[in-house]
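> With the sequence up front, the predicted model follows.
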Amino acid sequence: MTPIPPATHRRLGLSLALLAAGLAFAGTAVATRASDGWDREAQILRRIHDPKFPDRIFSIAQYGAVPGGEASAALRLAIQACHSAGGGTVEVPDGVFLTGPIRLLSNVNLHLADGATLRFKPDPAAYLPVVFTRWEGIECMNYAPFISAFDQENIAITGRGTLDGSASATAWWDWALPDAKGLRPSLADAKLLNRLADAGAPVAQRVFGAGHHLRPNFFQPYHCRNILVEGVTIVRSPMWELHPVLCTNFTARNVIIDSLGPNNDGCDPESCKDVLLDHCSFTTGDDCIAIKSGRNSDGRRINVPSEDFVIRNCAMKDGHAGVAIGSEISGSCRNVFVEDCTMDSPHLERVLRLKSNAQRGGTIEDIYLRRIDVGQVAEALLTVDFLYEEGPHGPFPPTVRNIFFDHLTVHQSPRLFFITGFAGATIDNIQVSHSTIHGVTSPELVEQAGHIELNQVEIIPAQKVQSLSSRTLQQ
C-alpha cells in the first residue's frame, strides 16, 4: 500500500459508498494485530483477586445508629473498632441512615444489608475540613469524598443496599449548571485549580472547599490496594461515582450506577493498575466508564499510567460513551480489554471515546473490544477527539494507536468513525473485524489519521447490504 501523508485530511462520504470495496487507509506499517493482545487479558486476571476479611461483624446498631437517624458517629466508631480488631465487616442493617463522609480503614468491609440505604447529607459543610484529593486529574485540598480511603489495603463496599448521594438541581448539581446569568459556579474554580497546578503551586496551597464549588466524588480510594465494590446501587452522586486513584487490584462487580447529573461518570479509574469491572450496569449523565491518568502538568508530574484493565459483561445505557479514555490522560493508558458488554440507549453517544489535546498529551494504546452488542448509539462506533477543549494549542501532542474491534454487532449507529486529529499528533492502526454495522447514514469523518482497516465488516444501510473483505482502498 502507498502510505498516506500524516497530514492527510479526509472527510469521507457515506460509509456504504466509501466502503463498498473494503477499506484499509495506509499510515505506518502495521506491526500489531488484535490477536497479539488478548493473551495478556488472562495474565491480568490472574493478578486480580478479592480481598478477604475475618469473620467478625460490627453492626452500626451496636454503636447507636437507628433507622431514620444520623449514623455518622456510629459508622466511624464501628469502622475503627473493626480495623483495630484486625478486620471484619461493618454492617449497615435494613433502613435509611443519614451520614456525612465515611473514611474506610484497612481490612474493613462496609456491608449494606438488603433494604439498607446510606443517604449522604446534601450540606457541603458536612464534608469539611478539606482533605487531600484529586479533582478532575489535579491534586488539591477539597471537600471530602463521600466514601474515601487513603493508603489502605483490603477494603470493600458490598451488599445489596443503596448509596444515595442526595444530589439534585438544588444540591451539588447546581454548581455545574448555568445560573441566572448563564454562568456555572464551578467553572471559575476549575480554571483557578488549573492555573495553580500549571504554575507549580504546592498542593497545600491549592485549597478549595468552603466558598468554592468543586464537587466531591462519591467513592475515592487513593493509593490503596485490594479494593472491592460489589452488589450496591449508587444514585444521585455529586459527580464521578467510583474514582480509584493510584490504586492496584480494584474490582467492581454487580454494581448498579444510576445517576444522571452533570459530570456523573460511572467509574473513573485514574492512574490505576489491574482493574476489573464485571457485570456492572451504568446509566449516567456523562461517560459510563472513563479511564484517566492525570491532567496536564500535574498528570505529567505524577506520571503514572492507567494500565491492565478488564471490562466484561457490563451494560452501558445512558451516557456520553460506553467506554471513554481521557480527557485527563497525561500519564497515558494501555492494555484495556472490553468484552461481552451490551450498549444501548438513544442517549448513549458512542461505543468507544478517546479524547485528549495538546495540553493533556499522553499515549492511548492497545485497546481491545470484542463481542460487543450495541443496540443504538447517537454519534459513532469510535470517536477520537484531539480537538477537545484546547485542541492543538499546546506542546504535548497526544497519541492513539492499536485500537481493535472484533465481533461487534451494532444495530444502529450513524457512522463508524468520528476522528479529528491535528498535525503532529498520532492516530494510527485502528482495526475493525468480523463485525456488522446497521443503520449507517452519516458521512464518516476522519481527519489527520493513519492506518484504518476494516476486515470482514458488513455495512447495512437502509436499502442494501455491502460486505467488506480485507481488500484495500488507496487515496
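Received it, and whenever you're ready, just let me know what you need.

> confidence score at the residue lying closest to residue 358 once chain neighbours are set aside?
Using CB to CB, 6 or more residues apart in numbering and skipping residues adjacent in sequence, the residue nearest residue 358 is residue 394, 3.3 Å away. (C-beta placed from N, C-alpha, C; glycine too.) At residue 394, the predicted lDDT confidence score is 97.

> same check, this time on residue 460
For residue 460, the model assigns a pLDDT of 87.

> which residues touch it?
Residue 460 sits next to 436-440 when contact means CB atoms under 8 Å, 6 or more residues apart in numbering.

> Flag the shaky bits of this structure, pLDDT-wise.
Using pLDDT under 70 as the threshold, the predicted model of the chain has low-confidence ranges 1-31, 35, 462-475.

> Report the central residue of it.
The geometric centre of the chain, computed from its C-alpha atoms, lies nearest to residue 290 (CA atoms, centre = their mean), at 1.7 Å.

> how close does it sit to residue 300?
Separation of residue 290 from residue 300 (CB to CB, to the nearest Å) stands at 19 Å.

> do the same with residue 448
Residue 448 is 23 Å from residue 300, by CB to CB.

> Next: residue 239.
Counting by CB to CB, the gap between residue 239 and residue 300 amounts to 24 Å.

> Then residue 454?
If you measure residue 454 against residue 300 using CB to CB, the figure is 35 Å.

> Looking at those two, which is more packed in?
Comparing residue 454 with residue 300 by neighbour count (other CB atoms under 10 Å), the higher total belongs to residue 454, at 27 against 17.

> partner strands of the helix or strand hosting the more buried one, parallel or antiparallel?
Using DSSP states H and E, residue 454 maps to strand 452-460. On the basis of DSSP bridges, the sheet neighbours of strand 452-460 come out as strand 23-25 (antiparallel), strand 426-438 (parallel), strand 466-468 (antiparallel).

> in it, what's buried?
Applying a neighbour-count criterion of 16 or more other CB atoms under 10 Å, the buried positions in strand 452-460 are 452-460.

> Equivalent analysis for stretch 281-301, please.
Counting neighbours by 16+ other CB under 10 Å, the buried set in stretch 281-301 is 281-300.

> same thing with stretch 415-435?
Buried residues in stretch 415-435, counting neighbours by 16+ other CB under 10 Å, are found at 415-422, 425-433, 435.

> can you pull out the strands in the stretch 1-150 of the chain?
In order along the chain, the stretch 1-150 of the chain carries the following strands (DSSP state E, counting those that start in this stretch): 9-14, 23-25, 57-59, 88-92, 95-99, 102-103, 108-112, 116-120, 131-135, 138-142, 147-150.

> same thing with the stretch 301-450 of the chain?
According to DSSP E, counting those that start in this stretch, the stretch 301-450 of the chain carries its strands in the segments 306-312, 315-316, 323-325, 333-339, 342-343, 350-355, 363-374, 380-385, 399-410, 417-420, 426-438, 443-447.

> Select, out of those strands, the one closest to residue 55.
When the strands of the stretch 301-450 of the chain are compared for distance to residue 55 using CB to CB, the nearest one is strand 306-312, at 29.3 Å.

> What is the closest one packed up against?
For strand 306-312, the helices and strands in contact under the criterion 3 or more CB pairs under 8 Å, 6 or more residues apart in numbering; DSSP states H and E are helix 39-47, strand 273-278, strand 289-291, strand 333-339.

> Output it in PDB with nothing but the alpha carbons.
Once non-C-alpha atoms are left out, strand 306-312 reads as follows in PDB (Å, rounded to 0.1, in the frame of the first residue of the first chain):
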ATOM      1  CA  SER A 306      -3.700   3.600  33.800                       C
ATOM      2  CA  GLU A 307      -3.000   0.000  32.600                       C
ATOM      3  CA  ASP A 308      -4.200  -3.500  32.600                       C
ATOM      4  CA  PHE A 309      -7.900  -3.200  32.700                       C
ATOM      5  CA  VAL A 310     -10.600  -5.900  32.000                       C
ATOM      6  CA  ILE A 311     -14.200  -4.700  31.400                       C
ATOM      7  CA  ARG A 312     -16.600  -7.500  30.800                       C
END
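
> who touches that strand?
Surrounding strand 306-312, the residues in contact under the criterion CB under 8 Å, 6+ apart are 40-41, 44-45, 47-48, 269-279, 289, 291-293, 323, 325, 331-341.

> Could you figure out how far that strand is turned away from helix 39-47?
90 degrees (axes from the mean of the first three to the mean of the last three CA atoms, to 10 degrees).

> For strand 306-312, what is the distance to the chain centroid?
11 Å (CA atoms, centre = their mean, to the nearest Å).

> now the angle between strand 363-374 and it, please.
Interaxial angle, strand 306-312 versus strand 363-374 (the same axes, to 10 degrees): 0 degrees.

> Which strands border strand 306-312, and is each parallel or antiparallel?
Listed by DSSP bridges, the sheet partners of strand 306-312 and their directions read strand 273-278 (parallel), strand 333-339 (parallel).

> Please point out which parts of stretch 39-55 sit buried.
Buried residues in stretch 39-55, counting neighbours by 16+ other CB under 10 Å, are found at 40-41, 44-45, 48, 50-51, 53.

> contacting residues around that stretch?
The set of residues external to stretch 39-55 that reach it, using CB under 8 Å, 6+ apart, is 85-89, 107-109, 153-156, 226-228, 249, 251, 274-276, 308-310, 335, 337, 368.

> Tabulate the buried residues of stretch 39-55 in TSV, adding columns for distance to residue 144.
Supplementary listing: the buried residues of stretch 39-55 in TSV, determined by distance: CB to CB, whole Å:
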residue	distance to residue 144
40	37
41	36
44	32
45	33
48	28
50	26
51	23
53	24
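
> what sits against the closest residue to residue 83 other than its chain neighbours?
Taking CB to CB, 6+ apart, and ignoring the residues beside it in sequence, residue 83 has residue 105 as its nearest neighbour in space, at 3.8 Å. Residues in contact with residue 105 (CB under 8 Å, 6+ apart) are 79-80, 82-83, 149, 152, 155.

> same check, this time on residue 204
Residue 204 neighbours (CB under 8 Å, 6+ apart): residue 141.

> distance of it from residue 257?
Distance of residue 204 to residue 257, computed by CB to CB: 33 Å.

> Same check on residue 81?
When distances are taken as CB to CB, residue 81 and residue 257 turn out to be 30 Å apart.
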